[in-house]
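K.L.:
Show me how the following folds:
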Amino acid sequence: MDGMISKVGYLSFAIPKSEVVSGSLDTLEFMIKSLTKNREMMLQKRTSASVFFPEYDSDPRELYQIPEVRRWFLKTMMQGVPWFYFLEQITGMGLQLLFACTCEVTYIGTKGNKHGLYATLEEKQWWLEHNFMNLNKFTEANDIPLKINKEISYGIEDWFIKTFGVEEPDVSS
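P.N.:
Reported below is the predicted structural model:
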């Protein structure tokens, strides 16, 4: 398994519905253990993961509209999961999902296949502060160089500006 993880550039982990409903973080904890098994792997696999919920594919609601998915994501943040360290930033889909599931958002319309969502400035600030705190705790605990923390932080900043703009924008998720 380690050999396979080390060879791929992008990782995607399926979270079972049973874990979402029960609030279990077993699959997520397995993912984090796999990615932090050794220092080289931990550094190499930063910002390379995503999570998905295949058993919700037939649900007509968007994931951010499903209460148990929202509770599961919020629990992960409250328990200190360093999402900013692990979630890929290129498409930012995981970051968008994390945001939409952990913030109070208002649906404002659909454009193409994207839901336009609105969140207050306070919600955005809370989300950033909490996730940066989790990132900082993780990098400090694992003696990850400040240079890498800054690289990840600048990537989050770039993603955030592209997603939300500089002023109060509509949020697509």
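K.L.:
quick one: residue 117 is in a strand?
P.N.:
Yes: counting by DSSP: H, G, I helix; E, B strand; the rest coil, residue 117 is found in a strand.
K.L.:
Report all helices and strands that the longest helix along the chain contacts.
P.N.:
Criterion DSSP state H: the longest helix present in the chain is helix 121-141. Helices and strands touching helix 121-141, by 3 or more Cβ pairs under 8 Å, 6 or more residues apart in numbering; DSSP states H and E, are helix 67-78, helix 83-86, helix 93-102, helix 146-164. Heads up, the C-betas are built off the backbone N, CA and C, glycines and all.
K.L.:
Run the chain-centre distance for the longest one.
P.N.:
When C-alpha coordinates are averaged (Cα atoms, centre = their mean, to the nearest Å), helix 146-164 and its chain have centres 13 Å apart.
K.L.:
likewise the third one?
P.N.:
Between the mean C-alpha location of helix 93-102 and the chain-wide mean there is a distance of 6 Å, by Cα atoms, centre = their mean.
K.L.:
if we can go back for a sec, please state the mean pLDDT value computed over the longest helix of the chain.
P.N.:
Helix 121-141 shows an average pLDDT of 97 in the prediction.
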